[in-house]
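J.: sharing a model prediction with you, sequence too.
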Amino acid sequence: MNIQHPSRKAVIASAAVAAMTVTGIAGTAVASSFRDVTLEVDGVSIPVSGFMGNVSDVLATAGVEVSSHDLVAPSLHERVSNGQTILVRRAQQYMVDIDGVSTPTWSTATDIDDLLGQVGTKGAIIAADRSTSRAELPALTVSGPIRVVADGQTHTVDARQGASASDLLSQAGVDVSFLDRVVFTSDEQGSFLRVIRVQRGVEEREETLTKEVEEQEDSTLAKGTRKVAQEGSDGSIKRSVYVERRDGQEIVSQVVSENRTEPVKQIVKIGTKETTTASSSSAASSSSGSSATVTGNDVWAALARCESGGNPATNTGNGYYGLYQFSASTWRAMGGTGLPSEASAAEQTQRAQALQARSGWGQWPACARSLGLL
């Protein structure tokens, strides 16, 4: 049997010729006469004989049912003549993706280029495999070049007539996994085959919950001092997330599990004590014969006068140095280098304030007590 695969244009042209022939011989006697015709269904020819007046009679005699989507030429109500060929092209349903929306489309197209042309929308996507399409159409009904786009590269291959998507991928040397999507689409240059890489899996993601810092006034601390009463810590949310990406773009994101650790508030005491009186044990007070008044930042000047007489270079040989009589080990623990007495007064005060914030006024028990800080 000789099986032909005419294009849609050829089918329509044949239908026009057949219609003219029927018109020439129409009549009551002819309509009731016995006829031998050929019925070609999707390229397969079937001889049909019987008393048949029109195309609908031919299909009924042959037991061929057609839907409203199928192409029949001549049309169902056209008269037929002896020896005539009736063409039937069954329509197939395809899922066409346009702007992310899948729409069922019926077509009698004979290749992908024809099908995309009927859709009439640039960028429309048609699956190139049987998993999402009722029929695997060839890329071309004639030999010619066609593009294969994958991984950001375009391969142009010489496709033979009737080549499928698998043939084109093989010619282009492009491997695909069972997850990857292979689709036909089109642009200004025409139809092409596109490979969309798909990755799926579970990812671990962590979100930081920043701790809250609360400041509380404390009248027992000298004004201008800060003390951490409760160490805080950041919290977190750890999630296991199922993710699907297509060509690197995240399409699906679904939380599988979540573990939450709440943050711990940090509490800082802020000194509000306005004034205090230095005892007569202060070197400066003793020399003047009067008590010293400490206000705000003057507390550090008063403490320095009490500890070292206010001399930043003090080195009495007793293992304590500078304005605030740091030991060498404590000085290094606070980030200092060399000896405290070799550092500037500003650096000594800075490190003394840091030590007080961490450990309190008890680092200078005698002078702090005399100044009313303890």
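T.: Sure, I can see it. Numbering: from 1, shown residues only.

J.: C-alpha from now on. contacts and neighbour counts both.
T.: Noted.

J.: burial of Gly235, as a residue count?
T.: By the other C-alpha atoms under 10 Å criterion, the neighbourhood of Gly235 contains 17 residues.

J.: who's in contact with it?
T.: For Gly235, the contacting residues are Thr208, Leu209, Thr210, Lys211, Arg260, Thr261, Glu262, Pro263, Val264, by C-alpha atoms under 8 Å, 6 or more residues apart in numbering.

J.: any idea how far Glu258 is from the last one?
T.: Spatial separation of Val264 from Glu258 under the definition C-alpha to C-alpha, to the nearest Å is 19 Å.

J.: the second one too?
T.: Taken as C-alpha to C-alpha, the spacing of Leu209 relative to Glu258 amounts to 14 Å.

J.: low-confidence ranges in the stretch 251-374 of the chain?
T.: Low-confidence segments of the stretch 251-374 of the chain, defined by pLDDT under 70, are located at 275-297.

J.: I'd say Asp218 and Lys269 touch.
T.: Yes - look at Asp218 against Lys269 with C-alpha atoms under 8 Å: they come within range, at 5.8 Å.

J.: could you pull out the residues contacting both of Leu209 and Glu258?
T.: Jointly contacting Leu209 and Glu258 under the rule C-alpha under 8 Å, 6+ apart are Ile237.

J.: centre of the chain to stretch 332-343, how far?
T.: Offset of stretch 332-343 from its chain centre (C-alpha atoms, centre = their mean, to the nearest Å): 52 Å.

J.: ok, now stretch 219-231?
T.: Using C-alpha atoms, centre = their mean, the offset of stretch 219-231 from its chain centre is 47 Å.

J.: nearest residue to Gln171 in space, please, no chain neighbours.
T.: Ranked by C-alpha to C-alpha, 6 or more residues apart in numbering and with sequence neighbours excluded, the top spatial neighbour of Gln171 is Val157, at 6.6 Å.

J.: got phi/psi on that neighbour?
T.: Listed backbone geometry of Val157 is phi -120, psi 150, with angles given as degrees, to the nearest 10.

J.: same deal with Glu206?
T.: Dihedral pair for Glu206: phi -130, psi 130, per degrees, to the nearest 10.
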